[in-house]
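Chemist: model the structure of this input:
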Amino acid sequence: MHDIEEYMRTYITLCNSADSNLAHGGGTVVQYLQGAGFNYGNRHTEVMLTAPLVHAYFNVDLPARNTDIFGFSRDRVKVEIGPDDGSNTGVPMYLIPYREGNARGVKLPSQAQDGFAEAFAITAAQDGCTFEVFGSAASPYCSHSNCKDQASHLRQGKMKARVDKLHARFLAAEQAVNVGFAMPAGPTRAQFQNYSDDRVAPPDGPIRQVNYTDGAKMGVRAISDQVVKGKRVETGVFSHRRYHIKLTDQSKHDVLGPQVGAGQVIARRRQGVWSFYYQEHAALYFDVVAVDKVGPKVERKRTTVSSQAGKGADVILCSGRLWPTHTANYLDLDDYN
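Modeler: Numbering: from 1, shown residues only. This next block holds a predicted model:
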């Protein structure tokens with residue numbers, strides 16, 4: 001994970017809702033958060049100027065499917081979270097909490113505060129939430145907000161209101177410690193979101209928005225009508241098989257339809273600077289035809305490999321850096337020929 005950008009291009013990552021994961025060693029993450037000071041009472045927005053240090057366990061729980069056909073099919077890694085046991089083994093991992101129908105924010109520590117040469121942070125996967133980061137790159141504020149408690153037509157406005165309230169509560173918490181505190185200048189606020197903030201410039205600065213639903217759709221549109229060559233398999237001294245693939249109509253409809261995409265955010269602090277990385281992924285299905293050839297050009301036969309539902313692959317549609325700088329790397333099937 002030390003080359004985290006390469007990791008986000010290589011492994012589909014899924015961290016289930018952080019307050020429902022079973023914690024290793026007993027208890028649950030929500031109990032750990034309550035012990036760390038998070039009040040799970042009636043307030044829908046809550047912040048802390050510290051972030052809980054946890055253990056994160058990375059395990060491949062779904063191997064890449066049909067890799068003999070699809071070079072872009074990826075293993076899925078499930079991340080389980082448990083309370084820090086005080087041993088400080090492995091990589092330090094801070095938790096950015098999540099709770100359905102609520103907004104939770106933390107301030108990630110600087111290297112001067114915790115003394116770790118390198119540190120990481122993670123939040124639960126998103127499929128309708130907004131993740132936001134802002135402030136200084138040495139010790140940023142970040143939050144994970146959900147508004148599933150609201151009717152669907154109210155969620156856009158409610159998400160904006162909850163993010164605003166988080167900002168106000170971060171400021172109040174800082175001023176309670178240091179009277180006259182002002183939010184530090186820093187890189188542009190960044191949101192990895194489904195419900196966007198449509199203001200050009202809120203009171204505390206402009207917003208860079210990375211919409212994971214739109215990003216997933218963009219990745220699929222680029223390949224939706226292509227018939228491309230999949231993997232080549234040598235079948236003899238002078239013969240080979242090449243797979244021709246095309247996205248099924250149902251799979252195209254599923255991703256390009258109205259449902260929300262899926263995404264994951266992981267952060268790393270290196271040389272005193274926090275950087276945030278994101279990933280958008282989906283399960284895709286393809287119609288597959290196997291083309292057998294002798295020599296470079298002579299076609300011997302074609303065989304339909306897939307059923308009516310197609311052959312499946314778990315795919316990273318887009319990944320990149322979210323903050324302080326932004327990059328995007330979209331799926332390009334020709335890269336895997």
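Chemist: what residues sit buried inside the longest helix anywhere in the chain?
Modeler: Taking residue count as the measure and DSSP state H as the definition, the longest helix of the chain comes out as helix 155-177. When neighbours are counted by 16 or more other Cβ atoms under 10 Å, the buried residues of helix 155-177 are found to be 155, 158-167, 169-171, 173-174. All C-beta atoms are positioned from the backbone trio N, CA, C, and that covers glycine.
Chemist: equivalent analysis for stretch 309-320, please.
Modeler: By neighbour count, with 16+ other Cβ under 10 Å as the criterion, the buried positions of stretch 309-320 are 310-320.
Chemist: just checking: what are the partner strands of the top strand by length along the chain?
Modeler: The strand that spans the most residues within the chain, counting by DSSP state E, is strand 273-294. Strand 273-294 pairs in its sheet with strand 239-247 (antiparallel), strand 262-270 (antiparallel), strand 298-304 (antiparallel), strand 311-323 (antiparallel), by DSSP bridges.
Chemist: for it, the distance to its chain's centre please.
Modeler: Shown here is strand 273-294, whose average C-alpha point lies 15 Å from the average C-alpha point of the whole chain (Cα atoms, centre = their mean, to the nearest Å).
Chemist: quick one: average confidence on that strand?
Modeler: Average pLDDT, strand 273-294: 94.
Chemist: quick one, strands of the stretch 1-150 of the chain?
Modeler: 12-15, 45-48, 53-62, 76-83, 93-96, 103-107, 118-123, 130-134, 141-145 (DSSP state E, counting those that start in this stretch).
Chemist: and those as JSON lines, adding mean neighbour count, distance to Ala262 and mean pLDDT?
Modeler: Shown next, in JSON lines, are these (neighbours: other Cβ atoms under 10 Å; distance: least, Cβ to Cβ, whole Å; pLDDT from 0 to 100):
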{"stretch": "strand 12-15", "mean neighbour count": "22", "distance to Ala262": "8", "mean pLDDT": "94"}
{"stretch": "strand 45-48", "mean neighbour count": "21", "distance to Ala262": "24", "mean pLDDT": "92"}
{"stretch": "strand 53-62", "mean neighbour count": "16", "distance to Ala262": "14", "mean pLDDT": "88"}
{"stretch": "strand 76-83", "mean neighbour count": "20", "distance to Ala262": "11", "mean pLDDT": "86"}
{"stretch": "strand 93-96", "mean neighbour count": "25", "distance to Ala262": "17", "mean pLDDT": "92"}
{"stretch": "strand 103-107", "mean neighbour count": "26", "distance to Ala262": "20", "mean pLDDT": "94"}
{"stretch": "strand 118-123", "mean neighbour count": "21", "distance to Ala262": "13", "mean pLDDT": "94"}
{"stretch": "strand 130-134", "mean neighbour count": "26", "distance to Ala262": "13", "mean pLDDT": "96"}
{"stretch": "strand 141-145", "mean neighbour count": "27", "distance to Ala262": "14", "mean pLDDT": "96"}
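Chemist: identify the bridge partners of the closest residue to Gly105 other than its chain neighbours.
Modeler: Setting aside the residues directly before and after it, Gly105 is nearest to Ser143 in space (Cβ to Cβ, 6 or more residues apart in numbering), at 3.5 Å. As for beta bridges, Ser143 partners with Gly105, Glu132 under DSSP bridges.
Chemist: tell me the pLDDT of Ser87.
Modeler: What the model reports as pLDDT for Ser87 is 65.
Chemist: next: the one 10 residues further on.
Modeler: pLDDT, Pro97: 90.
Chemist: does it touch Ser145 like I think?
Modeler: No: at 10.9 Å, Pro97 does not count as touching Ser145 under the criterion of Cβ atoms under 8 Å.
Chemist: coming back round to it: mind putting the strands of the stretch 1-150 of the chain into TSV with distance to Ser275?
Modeler: Formatted as TSV, the entries for these read as follows, by distance: least, Cβ to Cβ, whole Å:
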stretch	distance to Ser275
strand 12-15	16
strand 45-48	22
strand 53-62	17
strand 76-83	18
strand 93-96	14
strand 103-107	16
strand 118-123	10
strand 130-134	10
strand 141-145	12
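Chemist: contacts only, for Asp335.
Modeler: Taking Cβ atoms under 8 Å, 6 or more residues apart in numbering as the contact definition, Asp335 lies against Phe72.
Chemist: ok so it is a helix residue?
Modeler: Yes: when DSSP: H, G, I helix; E, B strand; the rest coil is applied, Asp335 is found to be in a helix.
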